[in-house]
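>>> My questions are about this predicted structure, shown below with the sequence.
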Amino acid sequence: MGYKNDRTGYQKTLLASRAVIKKDSFAIIPHDGLVKNTIPGFENVDVSILGSPRIGAGFVDYIATFQKGGKHTGFGGDGIETVAYVVKGKLKVTDGKEEDVLETGGYAYYPAGVKMMMENAQDEPTEVFLYKKRYQPLEGYEAHKVVGNTKDQKPEEYEGMKDVLLWDFLPKELGFDMNVHILSFEPGASHGYIETHFQEHGAYLISGEGMYNLDNDWYPVEKGDYLFMASYVPQAAYAVGRGEPLAYVYSKDANRDPEI
């Protein structure tokens with residue numbers, strides 16, 4: 001059900017949802033329940049707000065489908081850093097000076113103060129995961145624009161596990177107060193332990209299916225789901241099924257000491 005599956009209006013089955021919302025703790029938002037939001041700057045784009053401060057996040061995530069001619073006239077800026085990741089399709093991004101075309105697996109990070117203008121670069125719809133956060137400056141360091149594609153990177157084995165792979169989007173430099181990654185589990189693979197840490201996450205599942213431990217309860221998850229994980233929430237995943245890996249793109253705050 002829902003606009004992402006083109007299943008709206010009268011239904012022939014009982015209404016049900018796998019959504020779990022624990023404000024300031026964690027959330028599972030299946031794609032079935034997403035609704036379209038009207039947001040200034042988006043034109044001819046089906047966009048849903050995912051993680052946000054209203055759920056306890058220190059950032060905002062979106063999933064956006066840019067239709068033919070769809071665009072955003074200026075994402076971020078004014079102290080807000082941004083990331084765009086192309087789940088499927090082709091997206092043109094520019095800061096008004098330099099232009100890049102991101103294909104499936106492509107991403108762009110724009111530092112605070114630089115607006116990202118986006119436009120669908122093909123006739124077919126383009127699906128994009130978007131992130132924004134207020135940048136936390138660090139004296140003597142600055143972030144800079146980063147553009148790349150995961151297809152051009154060699155992933156690293158996550159904590160020495162050959163069937164769990166990690167891609168990093170941003171350099172490990174103190175100028176960046178966050179990073180974005182893709183974590184991929186082959187069927188049967190899992191985290192090595194249940195993590196409990198200071199950093200918060202927003203994660204969009206781009207393939208596969210699995211079981212996710214959130215605050216020591218296990219939940220089924222699949223491609224198209226969105227997860228929010230607040231600081232210190234116990235978390236871990238198993239990949240299940242016989243098909244593609246369980247993989248998700250996710251954000252993580254980094255390189256800053258907690259403020260008091």
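Arrived safely.

>>> could you pull out the strands for the stretch 101-250 of the chain?
Remark: strands assigned in the stretch 101-250 of the chain by DSSP state E, counting those that start in this stretch are 106-110, 115-120, 126-134, 146-149, 156-158, 161-168, 178-185, 201-207, 209-214, 217-222, 226-229, 235-240, 246-253.

>>> Of all these, which one comes closest to Asp24?
strand 226-229 (9.8 Å; C-beta to C-beta). Backbone N, C-alpha and C define where each C-beta goes, glycine included.

>>> ok, longest strand in this structure?
strand 60-76 (DSSP state E).

>>> Which positions in it come out as buried?
For strand 60-76, a neighbour-count test (16 or more other C-beta atoms under 10 Å) marks Val60, Asp61, Tyr62, Ile63, Ala64, Thr65, Phe66, Gly70, Lys71, His72, Phe75, Gly76 as buried.

>>> For the fifth one, which non-adjacent residue is closest in space?
It refers to Ala64. Leaving out its chain neighbours, the residue that sits closest to Ala64 by C-beta to C-beta, 6 or more residues apart in numbering is Val47, at 4.3 Å.

>>> and that neighbour, which of the three is it?
When classified by DSSP: H, G, I helix; E, B strand; the rest coil, Val47 comes out as strand.

>>> ok, it - contacts?
Contacts of Val47 were listed using C-beta atoms under 8 Å, 6 or more residues apart in numbering, and they are Lys36, Asn37, Ile39, Tyr62, Ile63, Ala64, Thr65.

>>> Which secondary structure element is home to the second one?
Translated: Asn37. Of the helices and strands defined by DSSP states H and E, none includes Asn37.

>>> doesn't Ile49 make contact with it?
Yes - counting by C-beta atoms under 8 Å, Asn37 touches Ile49, with 5.3 Å between them.

>>> give me every residue that touches the closest residue to Gly76 other than its chain neighbours.
In this structure, Gly76 finds its nearest non-sequential neighbour in Thr82, 3.6 Å apart by C-beta to C-beta, 6+ apart. Going by C-beta under 8 Å, 6+ apart, Thr82 touches Phe75, Gly76, Tyr109, Tyr110, Met116, Leu130, Tyr131, Lys132.

>>> For Ser190, state which of these is nearest.
Tyr131 (25.6 Å).

>>> For the closest one, list each beta-bridge partner.
Applying DSSP bridges to Tyr131 gives these bridge partners: Asp61, Val83.

>>> tally of neighbours for it?
For Tyr131, the number of neighbouring residues by other C-beta atoms under 10 Å comes to 26.

>>> from what I can see it touches Asp61, true?
Yes - Tyr131 is in contact with Asp61 according to C-beta under 8 Å; the separation is 5.4 Å.

>>> sorry, back to before: quick one: the contacts of Thr82 as a markdown table, columns for distance to Leu15 too.
Compiled in a markdown table, these are given as follows (distance: C-beta to C-beta, whole Å):
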| residue | distance to Leu15 |
| --- | --- |
| Phe75 | 34 |
| Gly76 | 37 |
| Tyr109 | 39 |
| Tyr110 | 40 |
| Met116 | 37 |
| Leu130 | 29 |
| Tyr131 | 30 |
| Lys132 | 32 |
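
>>> Any idea which of the strands of the stretch 101-250 of the chain gets closest to Lys90?
Nearest to Lys90, of those and by C-beta to C-beta, is strand 126-134 at 5.9 Å.

>>> Which residue comes closest to Asp100 once chain neighbours are left out?
Val147 (4.9 Å).
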